[in-house]
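J.: compute the structure for the input listed below.
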Amino acid sequence: MTDMVRLIENGGYEATTIQKQVREIMGKNFFGIEEAIRHFGVNPSKRQTAALAEVPFTEGVLESHKDTHILVAVFPLSVLDVRKVDNGPFYLSSGGWYESEKFAKSKGKVGWQLVRKTPVEDSTSKNWDEQQALLGKDDETPTSQVMVYTIIGHYKATGERLFENVYVRTFCVGLGGLRGGVGVFDSDGLFVNSFWDDGRDSNLGVSAARKF
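T.: Sure thing, here's the model as predicted:
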């Protein structure tokens, strides 16, 4: 693809040198600004592209996480926004219990996220507190918005289904105190579900992302 054609397809956006370097490191586990434009119809503002110009992870961190995590340029698209762009990959194409939930409407903020592709190791069959104790000092549990954006974006870009046979808890808590969770992304589509913090299930782990 010529530079001119690529520039046109990317809405006039040209990746920075750093972004090109980290794309080389991460390979298919990279969902950058170009992918957000192509798969989510994002039209980045100058402020947003400036916020994403630098990647807040060292080359060493990226090298050690390139097979286990996805580096994602997250734009302020809510769970419901992502579903509106393309409801095909979702189990519920419209409606659903979470449609009125604040966390499903939250757009989050623009920024880079380094999201783990699998549940935290040994985190199934544990409650929320037990799962949080498994996180490393440099890790945190991301929001439902970040997880849905990452899972659907990666699927649209690569065809790979993450969390195909398992749910993972997210940081978000909805009305009634139930914590949001996502997963079981099989051929029926991605489920957005909710779980009690004190519950344990062999099919329920916890999500994680690297802190800045």
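J.: from now on I want contacts and neighbour counts done on CA atoms only, so please keep to that.
T.: Will do.
J.: and for stretch 172-186, what's in contact with it?
T.: Outside stretch 172-186, the residues within contact range by C-alpha atoms under 8 Å, 6 or more residues apart in numbering are 101-103, 143-144, 147-148, 161-171, 190-197.
J.: pLDDT at the residue nearest to Pro89 when sequence neighbours are not counted, what is it?
T.: Nearest residue to Pro89, sequence neighbours excluded (C-alpha to C-alpha, 6 or more residues apart in numbering): Gly189, at 4.9 Å. Model confidence at Gly189, expressed as pLDDT, equals 98.
J.: now list the buried members of the contacts of stretch 172-186.
T.: 103, 143-144, 147-148, 161-163, 166-171, 190-195, 197 (16 or more other C-alpha atoms under 10 Å).
J.: which ones among those residues lie within helices?
T.: 103, 144, 147-148 (DSSP state H).
J.: and the residues you listed, which is closest to Ala208?
T.: Proximity of those to Ala208 was ranked by C-alpha to C-alpha; the top entry is Met147 with 9.3 Å.
J.: and the closest one, how far from Gly181?
T.: 9 Å (C-alpha to C-alpha, to the nearest Å).
J.: the ones in helices among the buried ones among the contacts of stretch 172-186 into JSON lines, with extra columns for pLDDT and distance to Asp122?
T.: As requested, these are exported to JSON lines (pLDDT from 0 to 100; distance: C-alpha to C-alpha, whole Å):
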{"residue": "Phe103", "pLDDT": "96", "distance to Asp122": "27"}
{"residue": "Ser144", "pLDDT": "98", "distance to Asp122": "21"}
{"residue": "Met147", "pLDDT": "98", "distance to Asp122": "19"}
{"residue": "Val148", "pLDDT": "98", "distance to Asp122": "22"}
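J.: which of those residues sits closest to Lys211?
T.: Met147 (14.7 Å).
J.: mind listing what's buried in the helix or strand hosting Ser64?
T.: Per DSSP states H and E: Ser64 is located in helix 59-65. By 16+ other C-alpha under 10 Å, the buried positions in helix 59-65 come out as 62, 65.
J.: Three-state assignment for Lys20, please.
T.: helix (DSSP: H, G, I helix; E, B strand; the rest coil).
J.: that one: how many residues sit nearby?
T.: 12 (other C-alpha atoms under 10 Å).
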